[in-house]
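Asks: Quick one, what's the 3D model for this:
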Amino acid sequence: MTSDTATYNLTALSERLFAERRMLPLAGKIKRARELHSLATDLVLALESLDALDALIAAQSDGEDWKRVVTESALLNNAIILYVRATKTASDERGRCDLRSRFTQDEKLTHSELTDLRDGAIAHFGSGGTYSGEWQAELVVLQRNGEDMKPGVVTRRQMLDRKLVGRVRRQVAVAYGLMRTLSLEKLEEITVELNKVAADDPNFHKELLQHPLNMSVFLTSAEAAESALSQFAGGYASGIVRHG
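Replies: Below you'll find the model as predicted:
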């Protein structure tokens with residue numbers, strides 16, 4: 001008895017088609033779908049970092065808790081880094097998607113603020129460009145104590161800008177909605193292209209058979225694979241797989 005369900009690795013198929021210079025429209029759509037989904041996933045993770053940050057902010061705190069302050073800062077930084085990575089940067093392994101033409105004027109200003117902050121204060125040291133606060137400042141001072149004088153350096157760092165948290169959440173949510181729509185549209189284009197190729201070539205199914213995928217192996221968990229497949233009709237599933 002054979003199962004009536006199977007999974008095929010379209011990314012592997014597209015890489016082979018590119019290498020063989022065949023069916024390039026299909027290969028290109030598959031590649032772009034992976035990129036758009038990956039960009040949207042960055043934005044999902046940014047929103048989840050903000051959810052964790054909101055929970056920390058809302059929780060009661062007993063006095064000065066430096067570990068909590070550091071965690072809050074890390075969660076905000078992570079959300080900003082993921083947002084900018086998804087909406088601005090590109091790499092050899094993933095293309096970019098510039099959403100600026102789809103933003104309102106206010107959203108464009110917030111986008112510039114967050115990209116400046118990431119590029120000019122978080123990932124690289126600086127004042128943060130158009131960021132409307134003060135992220136960090138350092139001064140060399142000469143301290144006098146009676147007859148003695150000694151030079152030193154004082155530092156002030158912004159650990160958590162609560163007004164910024166709200167702006168980040170609104171911007172990430174807008175970007176995610178746009179990126180998710182583009183990702184789903186590209187998947188629809190793949191469906192159309194697959195149907196076209198299959199109609200033109202009755203043996204196309206043999207191309208797919210060369211790239212079976214064991215979802216449990218890819219996700220390193222049978223439970224994770226089952227969860228992912230259960231949401232395949234259009235939902236979103238996430239989870240954690242712990243090893244060792």
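
Asks: ok, and for stretch 78-94, which residues are buried?
Replies: Under the neighbour-count criterion of 16 or more other CB atoms under 10 Å, stretch 78-94 has Asn78, Ala79, Ile80, Ile81, Leu82, Tyr83, Val84, Arg85, Ala86, Thr87, Lys88, Arg94 buried. Bear in mind the C-beta positions are built from the backbone N, C-alpha and C, glycine included.

Asks: repeat for stretch 107-120
Replies: By 16+ other CB under 10 Å, the buried positions in stretch 107-120 come out as Glu107, Thr110, His111, Glu113, Leu114, Thr115, Asp116, Leu117, Arg118, Asp119, Gly120.

Asks: Please apply the same query to stretch 56-74.
Replies: For stretch 56-74, by 16+ other CB under 10 Å, it's Leu56, Glu72, Ser73.

Asks: and the two most separated of the buried residues of stretch 107-120?
Replies: The span of the buried residues of stretch 107-120, defined through CB to CB, is set by Glu107 and Gly120 at 19.7 Å.

Asks: Kindly confirm my reading that Lys150 is in a helix.
Replies: No. Membership of Lys150 in a helix is not supported by DSSP: H, G, I helix; E, B strand; the rest coil, which gives strand.

Asks: picking up where we left off before, what about the buried residues of stretch 56-74, which are in helices?
Replies: Judged by DSSP state H, helices contain the following of the buried residues of stretch 56-74: Leu56, Glu72, Ser73.

Asks: Report the separation between the nearest residue to the first one once chain neighbours are set aside and Met159.
Replies: Closest residue to Leu56 in three dimensions, ignoring its sequence neighbours and counting by CB to CB, 6 or more residues apart in numbering: Glu72, at 5.5 Å. Distance, Glu72 to Met159, by CB to CB, to the nearest Å: 7 Å.

Asks: Likewise for Val217?
Replies: 42 Å.

Asks: cool, and Leu36?
Replies: Distance of Leu36 to Met159, given as CB to CB: 34 Å.

Asks: Looking at the two, which is more packed in?
Replies: The residue with more neighbours, out of Leu36 and Met159, is Leu36; 22 against 13, by other CB atoms under 10 Å.

Asks: so where does the more buried one fall, helix or strand?
Replies: Taking DSSP states H and E as the definition, one finds Leu36 inside helix 24-58.

Asks: other SSEs contacting that helix?
Replies: Using 3 or more CB pairs under 8 Å, 6 or more residues apart in numbering; DSSP states H and E, the elements in contact with helix 24-58 are helix 10-20, helix 66-87, helix 162-200.

Asks: can you list contacts of stretch 67-82?
Replies: 42-43, 45-47, 49-50, 52-53, 56-57, 61, 114, 117-118, 122-123, 159-161, 164-165, 168, 172 (CB atoms under 8 Å, 6 or more residues apart in numbering).

Asks: Mind giving me the PyMOL command for buried ones among the residues you listed?
Replies: Selecting only the buried entries of the contacts of stretch 67-82 in PyMOL, with 16+ other CB under 10 Å as the criterion:
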select buried, resi 42+43+45+46+47+49+50+52+53+56+114+117+118+122+160+161+164+165+168+172
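
Asks: Which residue, other than its chain neighbours, is closest to the spatially most central residue of the chain?
Replies: What sits nearest the mean C-alpha location of the chain, by CA atoms, centre = their mean, is Asp42, with 1.0 Å. Distances taken as CB to CB, 6+ apart put Ala86 closest to Asp42, at 3.8 Å, once the chain neighbours are dropped.

Asks: The one you found and Val44 touch, don't they?
Replies: No. Counting by CB atoms under 8 Å, Ala86 sits too far from Val44 to count as a contact (9.6 Å).

Asks: picking up where we left off before, any chance of the helices and strands packed on helix 24-58 in a markdown table, plus distance to Asp4 and mean pLDDT?
Replies: Formatted as a markdown table, these follow (distance: least, CB to CB, whole Å; pLDDT from 0 to 100):
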| stretch | distance to Asp4 | mean pLDDT |
| --- | --- | --- |
| helix 10-20 | 19 | 97 |
| helix 66-87 | 37 | 95 |
| helix 162-200 | 18 | 96 |
